[in-house]
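# okay, structure incoming, though there's no sequence with it:
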């Protein structure tokens, strides 16, 4: 049993939701919705806040059994594979082209294995590292302001419904991990409802929306099709005196960010096993990490990692909305 402060809770949630996603989600969203992407994301932000409010209202009724917990473990394992394969592919392209991917993968997973075989506090306190990295990243991003073309935000086409709906669906990638709210909330010892939750929503929205708008203002929409990681190219274009390539410096920040997020996903798999299956055997933790390395190595290519990142949005809807709704409704019926 452990407890979380309000800050720890929101840091955990923020790292899990941002993780590897904030580098790549804009590419698919802009390809679908074009210059209307920023309007689509405002709608997505409203949906995100409504979902948080519903989670806060009904989290006490979210009491999954072994079957549902097993489904979540499988889903989180799939998310780890998707994130880990993408991180390793990106590293092999940008930083370590001559290093076998199995080596970088083993290092990343090794960090998680070390943390998840120690005390729970070792994992819970990891997101505090982001407190220093977040403002550094924002400063780097705002260095691109002189290069922005503000007219590229327009025209906004709201008459075509299909691209808007498809864009709204793709924006769900930024929601991934929000279901952790239902699992972590009961351990928070301070008030979350009201202003604290609204501040978290604003932080989440500011982070993703700012990145999206900067990319729309930096590149013509038609050019995004040929730029898989536009955020990295924005940072690469910035000239600073303290480092030769800002994009590589940022990549190291992103890797740390991603490693912490992946560690938290592993943490949830391990804790769900411990809580719902009464299994604290560390052999399971070691076996899970080893299996993830093997499977992720197979998917650590451009086409396969892209396929996983496209697929993960679909089970995300199931585990974020449908399954929680069913579990909450069933528990409500049992209570009555």
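Arrived safely, thanks for sending. What you are looking at is a predicted structure, and each value in this text was computed from that prediction instead of being measured.
# any low-confidence regions in the stretch 1-150 of the chain?
For the stretch 1-150 of the chain, the stretches with pLDDT under 70 are 1.
# which residues in it form helices?
Assigned helices in the stretch 1-150 of the chain, in chain order: 6-18, 25-33, 37-58, 66-94, 101-116, 120-124, 130-142 (criterion: DSSP state H, counting those that start in this stretch).
# I figured residue 219 hits residue 225, correct?
No - using Cβ atoms under 8 Å as the test, residue 219 is too far from residue 225 to be in contact (10.0 Å). The way it works is simple: take the backbone N, C-alpha and C, and place the C-beta from them, glycine included.
# which of these two has more neighbours?
residue 219 (19 against 10; other Cβ atoms under 10 Å).
# excluding its backbone neighbours, what's nearest the more buried one?
residue 230 (5.9 Å; Cβ to Cβ, 6 or more residues apart in numbering).
# give the contact list for the one you found.
Residues counted as contacts of residue 230 (Cβ atoms under 8 Å, 6 or more residues apart in numbering) are 26-27, 215, 218-219, 224.
# next: residue 11.
For residue 11, the contact set (Cβ under 8 Å, 6+ apart) comprises 127-128, 130-131.
# cool, and residue 201?
Applying Cβ under 8 Å, 6+ apart to residue 201 gives the contacts 45, 48-49, 52.
# and if you look at residue 284?
Taking Cβ under 8 Å, 6+ apart, one finds 270, 273 in contact with residue 284.
# distance check, the closest residue to residue 307 other than its chain neighbours against residue 106.
Using Cβ to Cβ, 6+ apart and skipping the chain neighbours, the partner closest in space to residue 307 is residue 299 (7.9 Å). Here the criterion is Cβ to Cβ, to the nearest Å. By it, residue 299 lies 15 Å from residue 106.
# which of the two has more neighbours?
Applying other Cβ under 10 Å to residue 299 and residue 106 shows that residue 299 carries more neighbours, namely 19 against 16.
# right, and that one touches residue 80 too?
No - under the criterion of Cβ under 8 Å, residue 299 is not in contact with residue 80, lying 11.1 Å apart.
# quick one: low-confidence parts of the stretch 201-336 of the chain?
For the stretch 201-336 of the chain, the stretches with pLDDT under 70 are 241-244, 333-336.
# kindly recompute the last result at 50.
335-336 (pLDDT under 50).
# can you give me the helices in the stretch 151-300 of the chain?
Under the criterion DSSP H, counting those that start in this stretch, the stretch 151-300 of the chain carries helices at the ranges 161-170, 180-184, 195-218, 230-236, 246-277, 282-299.
# now for residue 191, how many residues are close by?
Here the number of neighbours of residue 191 (other Cβ under 10 Å) works out to 10.
# please name the nearest non-neighbouring residue to it.
Looking at residue 191 with Cβ to Cβ, 6+ apart, the closest residue is residue 6, at 7.4 Å.
# contacting residues for that neighbour?
Applying Cβ under 8 Å, 6+ apart to residue 6 gives the contacts 188, 190-192, 196.
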